[in-house]
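[1] Quick one, what's the 3D model for this:
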Amino acid sequence: MFEDSVDPAMLRHHGDVEARPGMLDFAVNVQGLAPPAWLRTRLAARLNDLGRYPGADDEHAARTAVAARHGRATEDVLLLAGAAEGFAMLPRLAPRLAAVVHPSFTEPELALREAGVPVTRVVLDPPYILDPALVPEEADLVVLGNPTNPTSVLHPAETLHALRRPGRLLVVDEAFADAVHGPTPPQPRTAPTGATAPAVGATHVPSTGLDPLASSAAADEPESLASTAAPDILVLRSLTKTWALAGLRCGYALGAPEVLARLTRGRPHWPLGTLQLEAITATAEPAAVAESRRVAHRIAAERAAMVERLIALGIDVHTPATGPFLLLRVPDGPLLRKHLADRGIAVRRADTFPGLGPDHLRVAVRGPAEVDQLIDAVRAALW
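    Numbering: from 1, shown residues only. Below you'll find the model as predicted:
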């Protein structure tokens, strides 16, 4: 077990600070450099609306789309400026004792600690399998990721349900759930020439080129609790990763209306802008969900190939892995990170995650050409 730091600077460290402009980025888990063309077009169509305040109709459209996407009531949806805003709201629930399962994303713990909430860490040892008995019975707020960043572990929904207790709220960070591969996704169809698709609150824009009649099975996300309507479960989602929207800050929470009302107490008016609301609406629609499943399918194939190549180099890769990133353990992690940085390659240090040490690194899943460069650089450093 590694030393557990509560240094706020360590808890607030994220991969974006390691990826300087121009570097080959394995440190950040965003897919692509920009949103897909159809989404950029959709957002651009709303630029002329920026002179007006975001309207109730836009908010309602976004909540309705998210609710339909997960089979929930509209009242179960809280729109967020990124999932990180949801974590910042958790102290408003005033828990007596929060238990945070680690290694995992550190923002929830930081937000709770900074608000003076007592926090206990449940630090899992490899292979990072969660035993619900490890969580203190007195914890009335339990926070964990699924799939977990940075271990890429996907906890069974059955295990998550076993954490439920009277008087306890279970918070599940599903920031990467839409990148988990489920059934084989449908193949895209080419839209008829000149076909158009309506944009909410805007004039017609070019079609996404996706099949709008994709079956609901394509939206399956293994072990997700997003569609589970229960008074003691709160799920947070991010649109940052799959849709390359890190600069727009989009996400949402799914939970009981009374829990969402407690989270939003004191929230300022117009918390999300027009483009954020449009992005949430667009990416929750059936054609976009079908595209996200195809992205997850591609990630799964690229991840499997990447694992094989890293293991062939003698790297300790944590498997099974289900997310768009891998947890590595290497000899002399700080030196390897420096060597890679000198060659213009950014990887994520992982010793800022409670339970991990300096020889742990996290790398995003990338395509063959990028992985070729990573493999060559690692081989040069190790040999």
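[2] Helices along this protein, start to end?
    8-11, 37-44, 56-70, 83-89, 107-114, 157-161, 240-243, 257-263, 274-284, 286-312, 333-342, 368-382 (DSSP state H).
[3] Just give me the neighbour total for Thr41.
    The local packing of Thr41 (other CB atoms under 10 Å) involves 17 other residues. (C-beta placed from N, C-alpha, C; glycine too.)
[4] er, Ala226 I mean
    Ala226 has 22 nearby residues by other CB under 10 Å.
[5] Flag every buried residue along stretch 227-242.
    By neighbour count with 16 or more other CB atoms under 10 Å, stretch 227-242 contains the buried residues 228, 232-242.
[6] Now compare those residues and name the two farthest from each other.
    Asp232 and Thr242 (27.6 Å; CB to CB).
[7] hang on, the earlier thing: indicate which one of the helices of the chain is closest to Asp125.
    helix 157-161 (16.0 Å).
[8] Outside of that closest one itself, list whatever touches it.
    Under the contact criterion CB atoms under 8 Å, 6 or more residues apart in numbering, helix 157-161 has outside partners 130, 132, 144, 146, 170, 172, 223-225.
[9] so which of these comes closest to Ala84?
    Val172 (15.2 Å).
[10] Against Asn146, how distant is that closest one?
    5 Å (CB to CB, to the nearest Å).
[11] More neighbours: those two, which one.
    Neighbour totals were compared for Val172 and Asn146, and Asn146 leads with 29 against 26 (other CB under 10 Å).
[12] Would you agree that one is in contact with Ala177?
    Yes: between Asn146 and Ala177 there is a contact at 6.9 Å, judged by CB atoms under 8 Å.
[13] Now the common contact residues for these two.
    By CB under 8 Å, 6+ apart, the residues touching both Asn146 and Ala177 are Ser224.
[14] Show me this protein divided up by domain.
    Per automatic domain parsing, the structural domains of the chain span 8-32+293-382, 37-288.
[15] can you put the ones you listed in TSV and add mean pLDDT?
    Converted to TSV, those look like this (pLDDT from 0 to 100):
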stretch	mean pLDDT
domain 8-32+293-382	93
domain 37-288	87
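[16] Apart from its neighbours in sequence, what residue is nearest Ser152?
    Excluding the flanking residues, the one nearest Ser152 by CB to CB, 6 or more residues apart in numbering is Ala321, at 3.7 Å.
[17] meant to ask about Leu141, not that
    Pro95 (3.7 Å).
[18] got the contact list for that neighbour?
    112, 117, 139-141, 169.
[19] try Gly116
    So Gly116 contacts Pro91 (CB under 8 Å, 6+ apart).
[20] mind checking how far it is from Ala279?
    On the measure of CB to CB, Gly116 and Ala279 end up 34 Å apart.
[21] one step back: how about the helices of the chain, which one is nearest Arg249?
    Arg249 lies closest to helix 274-284 among those, at 6.6 Å (CB to CB).
[22] Give me the contact list for the closest one.
    35, 39, 42-43, 46, 49-50, 52, 54, 58-59, 61-62, 65-66, 68-69, 79, 81, 199-202, 239, 242-243, 245, 248-250, 252, 272, 288-289, 292.
[23] Name the nearest residue to the residue most central in space within the chain, sequence neighbours excluded.
    Geometric centre of the chain, nearest residue: Ala175, 2.1 Å, by CA atoms, centre = their mean. Among residues not flanking Ala175 along the chain, Ser238 sits closest, at 4.0 Å (CB to CB, 6+ apart).
[24] The one you found bridge partners, please.
    Counting by DSSP bridges, Ser238 forms beta bridges with Gly251.
[25] Would you mind confirming that it is in contact with Leu248?
    No: using CB under 8 Å, Ser238 is not in contact with Leu248; the gap is 11.2 Å.
[26] tell me, what's touching these two both at once?
    With CB under 8 Å, 6+ apart, Ser238 and Leu248 have no common neighbours.
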